[in-house]
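Chemist: sequence unknown, structure follows:
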Ligand code: SF4
């Protein structure tokens, strides 16, 4: 018999010896030829023992057939209890299942992918609650009163499905829709906070780039301001040579591309050519006969020059 692993000091002898019975049961339950060597036994309790057999089936590396046998008190006959395939200590196991919503990471979305947003997403709250009702996040709203009572942090009391679809003519909702201001949901305070934290971490004052920058974005000409409450702390970098081009940057971020950090001097402009308009320089077309190599001025040219 193989070396036994026991939990109890009093392993039942008859149950421990019933290896053939256990093997026959395992072979009956398994496919032919997949029950391997006896791999030990465990005493489960009084007169109850589990025998293990190696599993030779491909894809079940480290798994074992576990056959539990038992014996009644004062009985000599060992009977079969159950047969099951169990993972051993070194078994090859599938990773623990994780829901897709927890596996999703920034950057995972590709073209054509749809990412459903939870109706109760804490990052969002209704953008418009209706004409006569205060905003759900308003301190006087009924929903907020209930939330305060329940000490619940959720502020998304309504879902887009509950919002009025067709605003009444002349209502505030219809005017807001005409102006293009009507969104079913907008960022909640929580959504604003986590966005600000995320942006500050990526392009904030604590980054190595900002630490080494000659000045901060707040004084940079390439900073494009943004609206809303986040505009008090962030803007968009519009310097194509900056690592933050097109990104939301903290006003306390900075980089070496700061517009005023190192202004290049203008190249020197050469002096304009001086033209003397007061005198005429003769330009002979052919050499003069007496001077040899010096060209003579043409007659017509000479006459012209005499008149001028
Ligand atoms: S160029 Fe540099 S300093 Fe200027 S806004 Fe962009 S990141 Fe900020």
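Modeler: Received, thanks. No experiment lies behind these values; they were computed from the predicted model shown. Numbering: from 1, shown residues only.
Chemist: CA atoms for contacts and neighbours, from now on please.
Modeler: OK.
Chemist: which helices and strands sit right next to the host helix or strand of residue 249?
Modeler: Taking DSSP states H and E as the criterion, residue 249 maps to strand 248-250. Judged by 3 or more Cα pairs under 8 Å, 6 or more residues apart in numbering; DSSP states H and E, strand 248-250 is in contact with helix 189-202, strand 234-237.
Chemist: Where do the strands of this protein begin and end?
Modeler: Counting by DSSP state E, the chain has strands at residues 35-45, 48-55, 63-71, 78-87, 124-126, 185-187, 223-225, 234-237, 248-250, 286-287, 295-296.
Chemist: how is this protein carved up into domains?
Modeler: 13-87, 124-187, 189-250 (automatic domain parsing).
Chemist: Next, the distance between the ends of the longest one.
Modeler: With Cα to Cα, to the nearest Å as the measure, domain 13-87 spans 26 Å from end to end.
Chemist: hmm, back to that, list the buried residues in the strand holding residue 249.
Modeler: Across strand 248-250, burial judged by 16 or more other Cα atoms under 10 Å covers 248, 249, 250.
Chemist: Work out the gap between that strand and the centre of the chain.
Modeler: 17 Å (Cα atoms, centre = their mean, to the nearest Å).
Chemist: and it, anywhere near the ligand?
Modeler: No - Strand 248-250 stays clear of the ligand (Cα under 6 Å from any ligand atom), getting no nearer than 6.7 Å.
Chemist: Next, the residues that contact that strand from outside, please.
Modeler: For strand 248-250, the external contacting residues (Cα atoms under 8 Å, 6 or more residues apart in numbering) are 199, 200, 203, 204, 205, 217, 233, 234, 235, 236, 237.
Chemist: could you dump those residues to CSV with pLDDT?
Modeler: Formatted as CSV, the contacts of strand 248-250 follow (pLDDT from 0 to 100):
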residue, pLDDT
199, 96
200, 96
203, 96
204, 96
205, 95
217, 96
233, 95
234, 97
235, 97
236, 97
237, 97
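Chemist: In the stretch 151-300 of the chain, where is pLDDT below threshold?
Modeler: Filtered on pLDDT under 70, the stretch 151-300 of the chain yields the residue ranges 151-182, 289-300.
Chemist: Do you have the helices of it handy? List them.
Modeler: 172-178, 189-202, 208-211, 299-307 (DSSP state H, counting those that start in this stretch).
Chemist: what's the answer for the stretch 1-150 of the chain, then?
Modeler: Using DSSP H, counting those that start in this stretch, helices in the stretch 1-150 of the chain cover 13-17, 19-29, 100-103, 142-150.
Chemist: Which of those helices has the lowest mean pLDDT?
Modeler: Across the helices of the stretch 1-150 of the chain, helix 142-150 has the smallest mean pLDDT, namely a mean of 61.
Chemist: Quick one: end-to-end distance for stretch 20-40.
Modeler: With Cα to Cα as the measure, stretch 20-40 spans 13 Å from end to end.
Chemist: oh sorry, the question was meant for stretch 109-127
Modeler: OK, stretch 109-127 end separation, Cα to Cα: 25 Å.
Chemist: mind starting the numbering at 38 from now?
Modeler: With the count now opening at 38, the last piece we talked about shows up as stretch 146-164.
Chemist: Pull out the buried residues from it.
Modeler: Quick answer for stretch 146-164 (16+ other Cα under 10 Å): 159, 160, 161, 162, 163, 164.
Chemist: residues near the nearest residue to residue 102 once chain neighbours are set aside, how many?
Modeler: Once flanking residues are discounted, residue 102 sits nearest to residue 122: 4.5 Å by Cα to Cα, 6 or more residues apart in numbering. By the criterion of other Cα atoms under 10 Å, residue 122 has 18 neighbours.
Chemist: how near is residue 122 to residue 68?
Modeler: 12 Å.
Chemist: Repeat that for residue 261.
Modeler: 70 Å.
Chemist: What of residue 89?
Modeler: Counting by Cα to Cα, the gap from residue 89 to residue 68 is 16 Å.
Chemist: what's the answer for residue 131, then?
Modeler: 22 Å.
Chemist: Pick out whichever of these two has more residues nearby.
Modeler: residue 68 (10 against 6).
Chemist: How about the contacts made by that one?
Modeler: Applying Cα under 8 Å, 6+ apart, no residues contact residue 68.
Chemist: ok so, going back, kindly identify which of the contacts of strand 285-287 also come near the ligand.
Modeler: Checking the contacts of strand 285-287 against the ligand (Cα under 6 Å from any ligand atom), the matches are 254, 274.
Chemist: tell me which of the contacts of strand 285-287 is nearest to residue 59?
Modeler: The nearest member of those to residue 59, counting by Cα to Cα, is residue 236 at 63.1 Å.
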